[in-house]
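J.: What shape does this take:
(2 chains)
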Amino acid sequence: MSKQPGRGLESRKLVGELFTLTYGALVSQLIKDYDNDDEINKQLDKMGYNIGIRLVEDFMARSNVDKCQDFRETAEVLSKMAFKMYLNISPTIANWSPANDEFSFILDNNPLVEFVELPDDHPDLNYSNILCGAIRGALEMLQLEVETWFSKDVLKGDNITELRVKYIKRLTDALPAGED
Amino acid sequence: MEISKRSRITILDKPLSRGKQEVSLSAFSLLFSEMIQYSQNRVKSVAELQTKLSDFGYSVGSRLVDLLFVREKGGKREIKVLNILLFVKVNLWKALFGKEADKLEQASDDEKIYYIIEKEPIISTFICVPKDKGSLNCAAFAAGIVEAVLNSSNFPAKVSSHWHKGTTLMIKFDESVITRDKSLT
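T.: Residues are numbered from 1 along each chain as shown, chains lettered A, B, ... in the order given. Prediction:
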């Protein structure tokens, strides 16, 4: 099957601050609506998942990438293409596990957290948790089940923000009929 | 240990960003969509949904107003109605949507009412309003932003979004604003 040329990596752009502040408005609404940080984290993850399963279509249409051969390539594509395309950042990939099934994104210029300080009464809030959901959702649509979580967060006083991604399994059952 | 962690560099110790970073419209649109769906599950009517979206906008606008006056006007605030409206049309719009608003008009029959008209608001690019919710205009979010900017600048006003020549934001100033403006000339 010959591939159509992708729509190109350049998509319409939008001012980053509008995105940042809009996300901030959403998180602060969740803080009003839910009692504890775990619930808020869960809700953000769910929203991210919903975004991820839709965003991946846009990504495939634009990027025209082939199937990744291994998990290392998946990490590269996520950082250099997906993060770059949508948030205009390229997180560093680090801390591979010996079995090559787990790695970290080190987020330096996370546009979500510009202007953000975590209030003292929300010590367990994973402010950028929507990213975990988005990665999980997008990879699930590509038959990759992963676990994602923040292991370190500058908003909580850590020196770096680290998003951990762990390979769980390939989802073979989910293949639609007619695809190989 | 906890305390030393918390007393790190605060946001006020860092230089103000120039705000040049960009993200993709797709990412924003999906985020906005999640926001709308989340709100929709918590309201009973289109009017309530518009209010929710406007509240989100208000939260954005009230955080943006100081930032913009510092960055674009050297900290100097506007005191005239026409100037603050131009600030919204030009500076605020450029800072948020990358362009000026299409039009600024005054109502012919009411000196308290002004309109900001945007033919195709960028935030509504991928939004298709369902038939049974025809009056819903998600630019209510933008209306909330404008309302926050005006109120925080001491120009109390109500701002609502309407389907008219594309999208029209109707700004209705408080009587006191107009009275004050006349005494300034």
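
J.: what's in contact with the helix or strand of chain A with the lowest mean pLDDT?
T.: Least confident helix or strand, chain A: strand A:13-15 with a mean of 91, by mean pLDDT, DSSP states H and E. For strand A:13-15, contacts defined as CB atoms under 8 Å, 6 or more residues apart in numbering or on different chains pick out B:19, B:22, B:23, B:24, B:25, B:28, B:95, B:96, B:97, B:98, B:122. (Each C-beta comes from the backbone N, C-alpha and C, glycine too.)

J.: The fifth one: neighbouring residues, count only.
T.: For residue B:25, the tally of surrounding residues (other CB atoms under 10 Å in any protein chain shown) stands at 19.

J.: ok, the least confident helix or strand of chain A: who's next to it in the sheet?
T.: Looking at strand A:13-15 with DSSP bridges, its partner strands are strand B:22-24 (antiparallel).

J.: pull the CA atoms of the following helix or strand past the strand it pairs with into PDB?
T.: Sequence order places helix B:25-40 as the next helix or strand after strand B:22-24, per DSSP states H and E. The C-alpha trace of helix B:25-40 is given here as PDB (Å, rounded to 0.1, in the frame of the first residue of the first chain):
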ATOM      1  CA  LEU B  25      -4.100  24.800  17.400                       C
ATOM      2  CA  SER B  26      -5.000  21.100  17.500                       C
ATOM      3  CA  ALA B  27      -3.700  20.700  21.000                       C
ATOM      4  CA  PHE B  28      -5.600  23.700  22.200                       C
ATOM      5  CA  SER B  29      -8.800  22.700  20.400                       C
ATOM      6  CA  LEU B  30      -8.800  19.300  22.000                       C
ATOM      7  CA  LEU B  31      -8.200  20.800  25.400                       C
ATOM      8  CA  PHE B  32     -11.000  23.300  24.800                       C
ATOM      9  CA  SER B  33     -13.200  20.500  23.700                       C
ATOM     10  CA  GLU B  34     -12.500  18.600  27.000                       C
ATOM     11  CA  MET B  35     -13.300  21.700  28.900                       C
ATOM     12  CA  ILE B  36     -16.700  22.100  27.100                       C
ATOM     13  CA  GLN B  37     -17.600  18.400  27.600                       C
ATOM     14  CA  TYR B  38     -16.600  18.600  31.200                       C
ATOM     15  CA  SER B  39     -18.900  21.700  31.700                       C
ATOM     16  CA  GLN B  40     -21.700  20.200  29.700                       C
END
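
J.: now for the contacts of strand A:13-15, which pair is the farthest apart?
T.: Largest separation among the contacts of strand A:13-15 by CB to CB: B:24 and B:95, giving 18.1 Å.

J.: Which one's more surrounded, the two?
T.: When neighbours are counted by other CB under 10 Å, residue B:24 comes out ahead of the other of residue B:24 and residue B:95, with 23 against 17.

J.: beta partners for that one?
T.: residue A:13.

J.: in the least confident helix or strand of chain A, what's buried?
T.: A:14, A:15 (16 or more other CB atoms under 10 Å in any protein chain shown).

J.: List the buried residues of the helix or strand following it.
T.: As assigned by DSSP H and E, the chain's next helix or strand after strand A:13-15 is helix A:16-33. For helix A:16-33, burial by neighbour count (16+ other CB under 10 Å) applies to A:16-27, A:29-30.

J.: Any residue of helix A:16-33 touching chain B?
T.: Yes - contact of helix A:16-33 with chain B (CB under 8 Å from any CB of the partner chain) involves A:16-19, A:21-26, A:28-29, A:33.

J.: Just give me the neighbour total for residue B:129.
T.: Using other CB under 10 Å, residue B:129 has 14 other residues around it.

J.: and it, how far is that from residue A:54?
T.: Separation of residue B:129 from residue A:54 (CB to CB, to the nearest Å): 18 Å.

J.: Tell me who's in contact with the most centrally placed residue in chain B.
T.: Centroid-nearest residue in chain B: residue B:145, 2.0 Å away (criterion: CA atoms, centre = their mean). Going by CB under 8 Å, 6+ apart, residue B:145 touches B:57, B:58, B:60, B:61, B:64, B:92, B:96.

J.: roughly how far apart are the closest residue to residue B:111 other than its chain neighbours and residue B:21?
T.: Sequence neighbours aside, residue B:178 is the residue nearest to residue B:111 in space, at 5.8 Å (criterion: CB to CB, 6 or more residues apart in numbering or on different chains). Using CB to CB, residue B:178 is found at 39 Å from residue B:21.
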